[in-house]
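Peer 1: only geometry, no sequence info:
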């Protein structure tokens, strides 16, 4: 069932003391790596129209409308709706890609998790397992990692400013050291989360009979055929072909038009 359009979030900025700009620089580098997933819909009327198409059971048209909107700015709600439309249209690969993208923005959303698992059960292939680091980092969204790092950086800057302005020593120094350590760790985790998000290289076959070839040319021998929704990890690219590895460990080359990407 489609959600209502999500509301936007305002961006706030913080002015930092000049003598402590090094912390701003560290956080700025992490945020500079961030691929921001927009939470605003460019056209709320178009989003409403896409929902109406879904309710009218015009799933192909609804999926196309959601897909077009996602190129202008994505949210977990929009991607979840898009996954539902693709699922109803019996396009499991595209549905899985949409759910995976939605999960990156809202990792603890029970509806997204439930629909993703249900769709995975309908696919006749093994999913690509996540590493322990990926499982842990993806329990928190990228925006949440950013807020956590920003919070501790702000607390640290306040403590350092108070110490310098009021010449406070003793417990405040200890708290500044502890907060500094926590800030460094959270910024490091943020950088790792950004790298994981931007390097998300999972793809899904978009139909039954997708040909997996031995080389990145149309005339190369066929290794096997992938089923709709079969999951792969991209190893490298060569022109219009992607070298992929399946959950069972088999590798080969697939044309990019036959794959749905989870990378925004």
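Peer 2: Okay, I see it. Owing to the predicted nature of the structure, the values given are computational and were not obtained by experimental measurement.
Peer 1: mind checking the SS state of residue 57?
Peer 2: With DSSP: H, G, I helix; E, B strand; the rest coil as the basis, residue 57 sits in coil.
Peer 1: residue contacts, the closest residue to it other than its chain neighbours?
Peer 2: In space, and not counting its chain neighbours, residue 57 is closest to residue 88: 7.6 Å by Cβ to Cβ, 6 or more residues apart in numbering. For the C-beta atoms, the positions are set from N, CA and C on the backbone; glycine is no exception. Each residue near residue 88 by Cβ atoms under 8 Å, 6 or more residues apart in numbering is listed here: 54, 57, 59.
Peer 1: got these as TSV, with pLDDT, distance to residue 142 and neighbour count columns?
Peer 2: Shown next, in TSV, are the contacts of residue 88 (pLDDT from 0 to 100; distance: Cβ to Cβ, whole Å; neighbours: other Cβ atoms under 10 Å):
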residue	pLDDT	distance to residue 142	neighbour count
54	95	27	22
57	94	34	9
59	96	30	18
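Peer 1: okay if I get those residues as JSON lines plus distance to residue 227?
Peer 2: Shown next, in JSON lines, are the contacts of residue 88 (distance: Cβ to Cβ, whole Å):
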{"residue": "54", "distance to residue 227": "26"}
{"residue": "57", "distance to residue 227": "25"}
{"residue": "59", "distance to residue 227": "20"}
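Peer 1: all the helices of the protein, residue numbers only.
Peer 2: All helices of the chain, identified by DSSP state H, fall at 21-33, 44-55, 59-70, 76-88, 92-105, 110-122, 132-137, 142-166, 171-198.
Peer 1: chain center to the third one: distance?
Peer 2: Taking Cα atoms, centre = their mean, to the nearest Å, the mean C-alpha location of helix 59-70 is offset from the chain mean by 19 Å.
Peer 1: no more questions from me, cheers.
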